[in-house]
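Engineer: quick one: sequence and predicted model below, then my questions.
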Amino acid sequence: MHIPDGFIDPQTSAIFAGISAVGIAAALKGARTQLDEKTAPLAGLTAVFIFAVQMLNFPVAAGTSGHLLGAVLAAVLVGPWAATLALTIVLLMQAFLFADGGLTALGLSVFNMSILAVWAGYGIFLLVRKILPKNKASVSAAAFVGALLSVPIAAAGFTLQYALGATATFSTSTVLSAMVGTHVLIGIGEAIITGLTVSAVLASRSDLVYGWKNNKQKLEIRNA
């Protein structure tokens, strides 16, 4: 899903770079309330894991590629603010060290993967968790659903950017069909990895999982 230089016109790229900059600034402030001496190292490990899985690319039509995102995985483990920062760091490293995605298109990619995928996926996670029983299995199940849907949502974000400022000749409907259709399949793989990883961390160190701690805190407030 990394966007190459020149695929989206400079005006659209600049607009989304500005939106992404605002989102990152908000994440820097918000992450202070989500990270502590225990979870900060986990945020670093999560970023390393996401960096590794994002190296597995799947070819997609219309000159683009897709891969596992890790947005919901990071959001559930360390919180959405820290997840936005972790994904942004991964995208920066990939762009500068491996030329994976264009530098002028970095704001576009950050918006799709670090902001849209993280917050839309985490919102879905919260919604699903709310209607399921308040236990660890439900947290893993909600993470599965959030991850499943976050990938095509990010792909739809790219389609919007393409519709606003594409420099290629492919029709928007062609890109939408190729991106969303393929990323639904990629989302299945991401959902499985996310659900299993969250379940494993919950089984060993549930105190480190933001999505579980947040759930427990709300229950304690209600009982009080």
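Structural biologist: Received, thanks.

Engineer: would you confirm that residue 113 contacts residue 72?
Structural biologist: No. Contact status for residue 113 versus residue 72: not in contact, 11.4 Å apart, counting by Cβ atoms under 8 Å. Backbone N, C-alpha and C define where each C-beta goes, glycine included.

Engineer: for residue 195, which residues are in contact?
Structural biologist: Shown here is residue 195, whose contacts under the criterion Cβ atoms under 8 Å, 6 or more residues apart in numbering are 140-141, 143-144, 147.

Engineer: roughly how far does it sit from residue 105?
Structural biologist: Between residue 195 and residue 105 the distance is 31 Å, computed by Cβ to Cβ, to the nearest Å.

Engineer: quick one on the thing from earlier: same list (the contacts of residue 195) but as TSV, adding distance to residue 185.
Structural biologist: Formatted as TSV, those follow (distance: Cβ to Cβ, whole Å):
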residue	distance to residue 185
140	21
141	20
143	19
144	15
147	13
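
Engineer: narrow those residues to those in helices?
Structural biologist: When the contacts of residue 195 are checked against helices using DSSP state H, the ones located there are 140-141, 143-144, 147.

Engineer: which one of the residues you listed is nearest residue 36?
Structural biologist: Among the ones in helices among the contacts of residue 195, residue 143 lies closest to residue 36 (Cβ to Cβ), at 21.2 Å.

Engineer: next, residue 37: phi, psi?
Structural biologist: Recorded main-chain torsions at residue 37 are phi -60, psi -20, according to degrees, to the nearest 10.

Engineer: which secondary structure element contains the residue lying closest to residue 144 once chain neighbours are set aside?
Structural biologist: Counting by Cβ to Cβ, 6 or more residues apart in numbering, the nearest residue to residue 144 once its immediate chain neighbours are dropped is residue 195, at 3.7 Å. In the assignment (DSSP states H and E), residue 195 maps to helix 172-205.

Engineer: buried set for that helix?
Structural biologist: By neighbour count, with 16 or more other Cβ atoms under 10 Å as the criterion, the buried positions of helix 172-205 are 175-176, 178-180, 182-183, 186-187, 189-191, 193-195, 197-199, 201-202.

Engineer: now it, how far from the centre of its chain.
Structural biologist: The chain centroid and the centroid of helix 172-205 are separated by 10 Å under Cα atoms, centre = their mean, to the nearest Å.

Engineer: swap in stretch 8-19?
Structural biologist: 20 Å.

Engineer: residues in contact with it?
Structural biologist: Outside stretch 8-19, the residues that touch it by Cβ under 8 Å, 6+ apart are 104-108, 111, 115, 161-162, 164-167.

Engineer: which of the residues you listed sits closest to residue 123?
Structural biologist: For those, the closest approach to residue 123 (Cβ to Cβ) belongs to residue 115, at 12.1 Å.

Engineer: quick one: residues contacting the closest residue to that closest one other than its chain neighbours.
Structural biologist: Leaving out its chain neighbours, the residue that sits closest to residue 115 by Cβ to Cβ, 6+ apart is residue 23, at 4.5 Å. By Cβ under 8 Å, 6+ apart, the contact set of residue 23 is 84, 110-111, 114-115.

Engineer: all good on my end, thank you.
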